[in-house]
Structure formats: structure tokens, C-alpha cells
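J.: Just need the structure, nothing else, for what follows:
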Amino acid sequence: MFPAAPRTRPRRLALAAAAAALLAAGVLPVLAERGSGSAFAHEGSVPAADLLAKVRSCKQVSHGTYRTDEEKAPSVPVCGAKGAVFFTADMDIDCDGRPTAKCSTSTDPWFQDDTAFHQLDGRPLRADRLPYVVVPGVSDIWDYRAAGVKGGGLVAVIHDDQVEYAVVGDVGPKKIIGEASYATAEGLGIDPDPAHGGTDSPVTYILFTNSQVTPIESHSTAVALGERLAKEFIEDN
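T.: Predicted structure coming up:
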């Protein structure tokens, strides 16, 4: 059961200052050391390079461009293709939803205990377990709903040579783009810490239109659907 209206989450302002405050208070967790590439398995059999080859050019469908951060100039268009829309931005970390040891007011100074879209049982999503993507709120720049993107829609998230299948799980600011859950970042080998993680390096998001993962919290269903839709996307574009 989805909320009556999508909830938008505030952008991460004064990031360095907030992180410093958490460190001073002794509540910011120390990140464990990560292994290199092999620790983050590629999901499915479709190579990242094959998907990226299909999104090299952009047929812009947004009425303008988005910022990747509040202080950045608008530069990111939403592009259209057969069966999908896509964009390339950065990745900021969304840790909202059900409170856990990794996602709570103790770890994330911007934490909110809800997500725009809910599990089958009505509870908010769990950001540290479910790979999901945040779409910009509806505006005169772009309306994700009119494009055939919906809560629980399938997304292929690509960083370097890694592909992570995710769902549309939350709605963010109207003028900023490029945000995904703790679990999405972790699966791609990106620092998932909500206070100072994420990456400025390019991340490509392919949102498959008129797709639906049911139930939204089933990542195995997302991977199976992602395999099929990714192959169709490559064949059709």
C-alpha cells in the first residue's frame, strides 16, 4: 500500500559539517575495509558494457536538466529509448525507511522513517537490504509517472563494470537527480555510508517503463525481471 502522496526527502546540505558533527558526537560508525572488485558480484549475465553501448546518445525527454547536488549547475537530462528512460548522474545515499543499525537517526542526520513506496505488508522499504532508486519529484522538468515509471518499477544501475538491478523505491527533490539506497551502493562497491558515502563518478540509471516488481521488496524477482528486460533493451535499441 503506497502513501497517498509521494514523500520528498531533503537534499544533503552542509554535508561535511554534518558528518563532522556526528564524528564529534561519537555516533558515526567506522566503515569496515572493503575488498576489491570480486567482493561485488555482477548481477545476471548481461554485461554492463552492452547496456552502456545503448545509452551513449540522448534523445532528451525532460524539459530541462537536473542538478546532481544543490550547489551544482543543472546538467543532467532524462533521455528516452525504446522501453526505458535513462540518465547518468552521481550517486548519493538514501537510508530512509525502516530504522536499522545501518540506517537511523544515529547514522544519518537526514534520516526519515518512511519511503514513498511501501512493501506488500504496508511497511516502508528497508534501505540497507533492498536495492532501490530515488526518482525526482514531479515538476515542470519531468514527470516520472507520465513516462511510465512507477513505484516498484525495474531499474538497471550501472557503475564501472557492475550492474545492480533495483526498483523505484522513493521520491526525492524536484530539481536534483542521482540517489539510491544503501543496498544499491553496497552492491556496486560504492561507499554506502549515508553521511559521507556515495560517489561523484558516473552512475547510469536505466528505468524500464511500464515494468513492475511484485512484491517490491523481492530482490530476486527484480534480478529475474532485470535479466529479461535488459536483454530486450539491448535487442530493441
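
J.: residue contacts, the residue lying closest to Glu217 once chain neighbours are set aside?
T.: Leaving aside its sequence neighbours, Glu217 sits nearest to Gln119 (C-beta to C-beta, 6 or more residues apart in numbering; 4.6 Å). (Glycine included, C-beta is placed from N, CA and C.) By C-beta atoms under 8 Å, 6 or more residues apart in numbering, the residues touching Gln119 are 125, 215-217.

J.: Please spell out which residues along stretch 178-194 are buried.
T.: For stretch 178-194, burial by neighbour count (16 or more other C-beta atoms under 10 Å) applies to 178-190, 192-194.

J.: helix, strand or coil for Asn184?
T.: Quick fix: residue 184 reads Thr, not Asn. Judged by DSSP: H, G, I helix; E, B strand; the rest coil, the three-state class of Thr184 is helix.

J.: which residue sits closest to it in space, ignoring its chain neighbours?
T.: Residue nearest to Thr184 in three dimensions, not counting chain neighbours: Pro131, with 4.1 Å by C-beta to C-beta, 6+ apart.

J.: Count the residues that sit near that neighbour.
T.: For Pro131, the neighbour count with other C-beta atoms under 10 Å is 25.

J.: Surely it is in contact with Pro192?
T.: No: between Pro131 and Pro192 there is no contact under C-beta atoms under 8 Å: 10.7 Å.

J.: what residues do these two have in common as contacts?
T.: What both Pro131 and Pro192 touch, as defined by C-beta under 8 Å, 6+ apart, is the set Ala183.

J.: Low-confidence stretches in the chain?
T.: The chain contains residues with pLDDT under 70 at 1-42.

J.: For it, just list every one of the helices.
T.: Assigned by DSSP state H, the helices in the chain fall at 15-25, 48-52, 182-187, 219-236.

J.: Can you tell me which of these is most buried?
T.: Each of those was given a mean neighbour count from mean count of other C-beta atoms under 10 Å, and the largest, a mean of 26, is that of helix 182-187.
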